[in-house]
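Undergrad: dropping a prediction and its sequence here:
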Amino acid sequence: MSEPSKSLPKLAARLFAETGDRAAFIQSLTAPQPLAPSILWTRPKPPDLDWPTLPSLSWQPSQVDRLAGDHRPGQHPLHEQGYYYCLDFSSVFAVSLLQAIAEPIEVAIDLCAAPGGKSLCTWVMQTPQRLLCNEVIRKRVKILIANLKRCGAMEAIVLNQDPAVLAEHLPYSAQLVLVDAPCSGQSLLAKGQEVPGCFHKVTINRNANRQKRILANAAQLVQANGYLLYSTCTYAPQENEQVCQWFLKRFPDFQAVPVKAMAAFQSHLTPSPCYRLWPQSGLGAGAFAMLLQRQQGSRQPLNEDFLAQSQFKLHPKNL
Ligand SMILES: C[S@@+](CC[C@H](N)C(=O)[O-])C[C@H]1O[C@@H](n2cnc3c(N)ncnc32)[C@H](O)[C@@H]1O
């Protein structure tokens, strides 16, 4: 086991009261164990495929499988043929909150979309009539388009805008907005990756401020009774529970939605319905998620002129 930096025990002490929980958390980041690969089926599963899967969890979407054994699904020809998208089970955890939404979704906007995992989950699970996938970093748009195209989401609208621009041009137009926010990325440690500075307070504060900015713009996009899903792949409460607390105070027309199916994952760091997957669960590298619903507000149709001018066509010349 590598020597944990001083910051990790400090974070563990902040997150957990029990020494056993702290030790398990630290162990999962300093001696990461392999995680079962999971896949989202984006085309019907071939009936003769005999890949062994792990038993489904009660909240696991039916379109997701966790593979047993040492599968490398990303290297199988079915992957290239667009049958599935490979994703960390933590991403599945975050989008599983969407199962609390009973209403059909006409317009869904994924504000932080590349490389496209949660956009594809939304496409498969919620089947929105219109799916807008936005990625602000231009060079990441290419991988987003490639994944949407490979998996057959040809009707998705791909945008490359700052969230503030979308808030200005598409106000109150979506029943569902996803903010899978850029974050300090602490959970990458549980995948054996190095993330320099991820515990530093400057990194955490910078990310928290950016998350608040993105959420403030996201709020403008959500129409009355619509939903906002906020998620990160980091552990710092400043980027998670505290951002949600800030949001609820700043936007009192939104309420946090309790998700019964995820009750076992209620964050012990807040009484609000916020959900955490911890890396020591062995299911995934870790995630935070919260679902919010707007109680009041207006409804506006999509600004088709803006979309026509700004969207990338999912055409080979863009790849
Ligand atoms: C956690 S990743 C999203 C992963 C993606 N949702 C998925 O499931 O495949 C966060 C994304 O936010 C983008 N991003 C960075 N700064 C941003 C900003 N200021 N506003 C919106 N998105 C931003 C990053 O480029 C990155 O693609």
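TA: Done, it's in. Numbers count the residues shown, from 1 in each chain.
Undergrad: number of nearby residues for the closest residue to G192 other than its chain neighbours?
TA: Nearest residue to G192, sequence neighbours excluded (CB to CB, 6 or more residues apart in numbering): P32, at 4.6 Å. (C-beta placed from N, C-alpha, C; glycine too.) When neighbours are counted by other CB atoms under 10 Å, P32 registers 16.
Undergrad: tell me who's in contact with P32.
TA: Applying CB atoms under 8 Å, 6 or more residues apart in numbering, one finds that P32 lies in contact with L189, A190, K191, G192, P279.
Undergrad: which helix in the protein runs the most residues?
TA: For the chain, the helix that runs over the most residues, judged by DSSP state H, is helix 201-221.
Undergrad: might you list the low-confidence residue ranges for the protein?
TA: Within the chain, the ranges that satisfy pLDDT under 70 run 1-4, 315-319.
Undergrad: how does it look with 80?
TA: Along the chain, segments meeting pLDDT under 80 span 1-5, 69, 313-319.
Undergrad: restrict the contacts of P32 to those that also contact the ligand, please.
TA: Taking CB under 6 Å from any ligand atom as the test, the ligand is in contact with none of the contacts of P32.
Undergrad: now these in CSV, with neighbour count and distance to K45?
TA: Formatted as CSV, the contacts of P32 follow (neighbours: other CB atoms under 10 Å; distance: CB to CB, whole Å):
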residue, neighbour count, distance to K45
L189, 22, 33
A190, 25, 28
K191, 18, 26
G192, 12, 29
P279, 26, 29
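Undergrad: name the nearest of the residues you listed relative to P77.
TA: K191 (25.2 Å; CB to CB).
Undergrad: correct me if wrong: the closest one contacts L35.
TA: Yes. Counting by CB atoms under 8 Å, K191 does reach L35; the two are 7.4 Å apart.
Undergrad: now do the shared contacts for those two.
TA: Common neighbours of K191 and L35 (CB under 8 Å, 6+ apart) are D88, A285.
Undergrad: coming back round to it: which SS state does the residue nearest to G192 fall under?
TA: coil (DSSP: H, G, I helix; E, B strand; the rest coil).
Undergrad: for it, give its distance to L176.
TA: Applying CB to CB, to the nearest Å, the value for P32 to L176 is 33 Å.
Undergrad: again with I214
TA: 16 Å.
Undergrad: same question, C244
TA: 17 Å.
Undergrad: next: P115.
TA: To L176, P115 is 20 Å away according to CB to CB.
Undergrad: then A287?
TA: 18 Å.
Undergrad: go on, V64?
TA: From V64 to L176 the distance is 19 Å (CB to CB).
Undergrad: on that earlier part again, between the contacts of P32, which is closest to A156?
TA: K191 (27.1 Å).
Undergrad: which one is the closest one nearest to, not counting chain neighbours?
TA: A285 (5.1 Å).
Undergrad: doesn't that neighbour belong to a strand?
TA: No. With three-state DSSP as the criterion, A285 is assigned coil and is not in a strand.
Undergrad: now stretch 285-297: buried residues?
TA: A285, G286, A287, F288, A289, M290, L291, L292, Q293, R294, G297 (16 or more other CB atoms under 10 Å).
Undergrad: tell me which two in the residues you listed are the farthest apart.
TA: Once CB to CB is applied, these give A285 and G297 as the farthest pair, at 35.0 Å.
Undergrad: near the ligand at all, stretch 105-119?
TA: Yes. Under the criterion of CB under 6 Å from any ligand atom, stretch 105-119 makes contact with the ligand via L111, C112, A113, A114, P115, G116, G117, K118.
Undergrad: in strands, which of those residues fall?
TA: Using DSSP state E, no member of the residues of stretch 105-119 next to the ligand falls in strands.
Undergrad: dump those to CSV, plus neighbour count.
TA: Listed next are the residues of stretch 105-119 next to the ligand as CSV, based on neighbours: other CB atoms under 10 Å:
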residue, neighbour count
L111, 27
C112, 23
A113, 29
A114, 23
P115, 18
G116, 27
G117, 22
K118, 25
